[in-house]
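Trainee: Below are the sequence and a predicted model; questions follow.
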Amino acid sequence: MLRLAPDNPKDRFDVYRFFNGISEEGKEGLDQRRVRVPLVKTFLLEHVASHENGHPKAPGEIFASLGASVRLLDENFMGLTFDVLDPETNRMRSITTGFLEQYDERFFAYYTCDDATFAKRRVEGWIQHPDLDATWYSSPLLQALWDKDISRRGDSCYGKLVFRHKSIFEMPEDSASIDPVSEQSNEEDFDDESAIIDDRFETEVRNARFEMGDRIGKIRLALRGLQTIYDPLHALYALRLPSRVGHGSHELFQTGRITNRTDSFEDHRNTVRYLYRIYKSILVSTEHSAWHQISDERSLQTGVKGVPLIVRFEEPLSTATFDRWVQLAFQKRNRFKLWGDPIRLGPSKVHVYGADRHLWQPINLEITAKQLVAILPVGTCGNTFHRLVANIQHYVSPKIHAWVGSEPFDSLVSQWSPNLQESDGHER
Amino acid sequence: MNVDLVRDPTFQLNILLWMAKEQPTEGYRVRPVFFEHGFKTIYIQQPFPLPEETSKAARESSLSIKLAPEPELILARTRNGKALYFEAKADSFSPDSSNSKQARGHLLATGPAFAEVLAPLTSSLLCYVVPDDKRALMFDCLSDLAGELSGQGLEPGSFSCHGLRIADHELIYIWDSVFKDYVGESADSISIIDDLESHTDPSPLILVFSEEDCPNTDNRDFYRRVILDQVRARLLCDVQSLPVNQEYEITVDELLMRTSDRVFEFLGGARQRSLRLLVRENLFKRIRDHWQQRQRSITLDGSTLRIRWELADEKDAFLNWLEDRRIKFDASRPEPRRMPLLDNLPEPTAEED
């Protein structure tokens, strides 16, 4: 079984040294065009459930409830040990699968060198818990990261952009039947690391899996032109960030997973913290945009909920696709993690006065063939907006026009400070 | 397209709220005309108590005047102290109508009394919103009522009449020259929703708490369904995090307050009673009736719902049931019945009813 942690680390630096060793070995393997050991990867998580009432839980409490034995190495850094099945002995063993760093009350980073499939499965289990969610680097945010930062890191550096779009709700107009289980099966082949099975039945729906790996200067020259002629190239799913200080790169995926392809864990951690500060800044400004106008009104008890998120689709959905989306999007297992009972107001219009199933906070939605309008109560967590936008571009309409209140979403996610400092009062 | 919608006060108020809501210049859901003019919502459906002197003078007059009129909505533009004071009506009415009592109150509220009550705001314009074809009649009526008030030495404010009309695929909002001068608008009317579709209710998301019938005959229970769905969602969100062996206790009023962000406590008494009845009869009682033989710790005592689980399985069973979209809560108007004055009193017995 893979060794995922140092023996009895005394402090976080023992862990850093261990991950440095893994990183060096991993980078060496990459240089030789083979992966010798799983790469170090980080999952940036948001602690969301207590946001509304302002009583955040300690990570130790959250992860203990998820079955972990938590061992503190310092105030904000801890090992997470779980009982896992050892495939060699077929017995359960207690294994330290990774380490958690608390960046502030709201954001945690889980560092691990576990196999990507196992690590993702583990984290996906955690974020079913209402206290935790992934961080959602929606396509507009990834695009802003590319435009404002990565595309300026040197024309000769290698960059990579990954685009993913699959119209999982798309139905041919003449199709009458709706198979409620097929959403899941359609998604199974969607994961970036899954194999393509030639013999499988494949539904004919819009399905774009596209990578641009080239020198940054070349990508920059071509990207905008390509995006104007092919909508799925707006559905940015992952980005490669070349290291600023050494060789290699870091790969950022839409759900806040960052893979280290450098030989330095400290370099990787610096990148993760940079991305964390950007996400935090964007989330705070989203919440500010959604509710700042309300603060005065709130004291007057107008009950005016926040400003709307409006998402317009570049191309209207067909009636059959709209129907399928509305039918599936509110089922128990669905990508959008929404609960509600759609009220039909026309052939392609519904209202849903429901809840975000993940955070269990109310959300009101109007969905038509042309757009989605969402309103969240004041003070709830703004990451629902980012999850909605990310999933709409992934699964419904790759090209969108979106606003929070009067502010374009593109502009909102581009407004992080150019000189992000670690001086935030709550940051650790 | 159901043109009767423009006569529906709930639809009218909801549209006004959307017109004051921050939205993009392009891509708006409802053209945010009032927001664009710098106005924002300060009161929804809250009584406006006339100042002492005005009330005294009104009482001493020979006119029937409501002393705490209840406008649908007040918007304010704080940078120059101006306010818009809205009343929405399905139809115009004559000075002899019972509606004139409240209309006189509105006219007095928007006179000098306004700045006295809502300082630092300095002035207000009374805006009556009616179907467009009733705008002229409404203006005549308000002119007569203002004349009556002035004749008795009272000080009515200025007023304006606005119309709603569906034309082709647009919902048009029309105003008059008084409004144009007051807010600095040059157009006579504006399209506020421009992509209306046949056989589709044009309502944007409902921001109003109303238990009234919807004029759309295919969807008569729509507004009540909206309330029940929101209350159900709030309850579901609350109890998700309820641990086993811990009691959750909530009254109908508390749940409506949480759902409405406390608007409920400021609604008029009749509206409060109707909403309370709807939630208790159609949601709380349904929960009690379903669970009383299955989980004894789920009880309804008067208007107080209590939920307590002793086993994780019980919690799962309850949540699965409440989440199940196939479980429908009746959204028809409940029969009027006596409700306990206080939430914690037991429900009246059948004999008492």
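Mentor: In hand now; what should we look at? Source: prediction; values computed, not measured.
Trainee: ok, so what distance separates the closest residue to chain A within chain B from A:A369?
Mentor: Closest approach of chain B to chain A (CB to the nearest CB) occurs at B:T200, with a separation of 2.7 Å. All C-beta atoms are positioned from the backbone trio N, CA, C, and that covers glycine. Relative to A:A369, B:T200 is positioned 10 Å away (CB to CB, to the nearest Å).
Trainee: Identify the contacts common to these two.
Mentor: Common neighbours of B:T200 and A:A369 (criterion: CB atoms under 8 Å, 6 or more residues apart in numbering or on different chains): A:S348, A:K349.
Trainee: Can you give me the distance of A:T81 to B:A233?
Mentor: Using CB to CB, one gets 38 Å for the distance from A:T81 to B:A233.
Trainee: Next: B:E53.
Mentor: Here B:E53 is placed at a distance of 46 Å from B:A233 (CB to CB).
Trainee: Just want to know which of those two has more residues nearby.
Mentor: Relative neighbour count places B:A233 above the other of B:E53 and B:A233, with 25 against 11, counting by other CB atoms under 10 Å in any protein chain shown.
Trainee: farthest residue from the center of chain B?
Mentor: In chain B, the residue that sits farthest from the middle, by CA atoms, centre = their mean, is B:L311; the gap is 41.0 Å.
Trainee: quick one: that one and B:V244 touch, right?
Mentor: Yes: checked against CB atoms under 8 Å, the pair B:L311 and B:V244 is within contact range at 6.6 Å.
Trainee: mind listing what's buried in the longest helix anywhere in chain B?
Mentor: Ranked by residue count under DSSP state H, the longest helix found in chain B is helix B:222-240. Across helix B:222-240, burial judged by 16 or more other CB atoms under 10 Å in any protein chain shown covers B:222-237, B:239-240.
Trainee: any residue of it up close to chain A?
Mentor: Yes: for helix B:222-240 and chain A, the contact criterion (CB under 8 Å from any CB of the partner chain) is met by B:F222, B:R225, B:V226, B:D229, B:Q230, B:A233, B:R234, B:L236, B:C237, B:Q240.
Trainee: I'd like the residues you listed as CSV, with pLDDT appended.
Mentor: Supplementary listing: the residues of helix B:222-240 next to chain A in CSV, determined by pLDDT from 0 to 100:
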residue, pLDDT
B:F222, 95
B:R225, 96
B:V226, 96
B:D229, 96
B:Q230, 95
B:A233, 95
B:R234, 94
B:L236, 94
B:C237, 92
B:Q240, 89
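Trainee: Now render those residues as JSON lines, adding distance to B:R59.
Mentor: Conversion of these to JSON lines gives the following (distance: CB to CB, whole Å):
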{"residue": "B:F222", "distance to B:R59": "41"}
{"residue": "B:R225", "distance to B:R59": "43"}
{"residue": "B:V226", "distance to B:R59": "39"}
{"residue": "B:D229", "distance to B:R59": "44"}
{"residue": "B:Q230", "distance to B:R59": "40"}
{"residue": "B:A233", "distance to B:R59": "46"}
{"residue": "B:R234", "distance to B:R59": "42"}
{"residue": "B:L236", "distance to B:R59": "49"}
{"residue": "B:C237", "distance to B:R59": "47"}
{"residue": "B:Q240", "distance to B:R59": "53"}
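Trainee: Please report how far the residue nearest to the spatial centre of chain B lies from B:E116.
Mentor: Of all residues in chain B, the one closest to the mean position by CA atoms, centre = their mean is B:V208, 4.3 Å from it. Look at B:V208 and B:E116: by CB to CB, they are 28 Å apart.
Trainee: Summarise which helices and strands the lengthiest strand in chain A is packed against.
Mentor: The residue-count maximum for a strand in chain A (DSSP state E) belongs to strand A:91-102. Under the contact criterion of 3 or more CB pairs under 8 Å, 6 or more residues apart in numbering or on different chains; DSSP states H and E, the helices and strands touching strand A:91-102 comprise helix A:12-31, helix A:59-65, strand A:69-74, strand A:77-86, strand A:107-112, helix A:116-126.
Trainee: Mind listing what's buried along the last one?
Mentor: The reference is to helix A:116-126. By 16+ other CB under 10 Å, the buried positions in helix A:116-126 come out as A:A116, A:A119, A:K120, A:R122, A:V123, A:W126.
Trainee: For the residue of the stretch 251-400 of chain A found nearest chain B, what are phi and psi?
Mentor: Here the stretch 251-400 of chain A gets closest to chain B at one residue, A:G346, 2.7 Å apart by CB to the nearest CB. Comment: the main-chain dihedrals of A:G346 come out as phi 170, psi 180, following degrees, to the nearest 10.
Trainee: can you give me phi and psi for the closest residue to it other than its chain neighbours?
Mentor: Excluding its sequence neighbours, the residue lying closest to A:G346 (CB to CB, 6 or more residues apart in numbering or on different chains) is B:T200, at 2.7 Å. Geometry field for B:T200 lists phi and psi as phi -130, psi 130, criterion degrees, to the nearest 10.
Trainee: quick one: A:S289 and A:H129, what's the gap?
Mentor: From A:S289 over to A:H129 (counting by CB to CB), the distance is 28 Å.
Trainee: Looking at those two, which is more packed in?
Mentor: Looking at A:S289 and A:H129 with other CB under 10 Å, you find the greater number of neighbours at A:S289, namely 24 against 15.
Trainee: Surely the more buried one forms part of a helix?
Mentor: Yes: note on A:S289: a helix contains this position according to DSSP: H, G, I helix; E, B strand; the rest coil.
Trainee: check contacts around the nearest residue to it once chain neighbours are set aside.
Mentor: For A:S289, ignoring the flanking residues on the chain, the nearest one in space by CB to CB, 6+ apart is A:V404 at 4.7 Å. The contact partners of A:V404, taken as CB under 8 Å, 6+ apart, are A:T286, A:S289, A:A290, A:V307, A:P308, A:L309, A:F385, A:L412.
Trainee: Show me the residues you listed that map onto strands.
Mentor: When these are checked against strands using DSSP E, the ones located there are A:L309.
Trainee: tell me the pLDDT at B:Y28?
Mentor: Here, the pLDDT recorded for B:Y28 equals 95.
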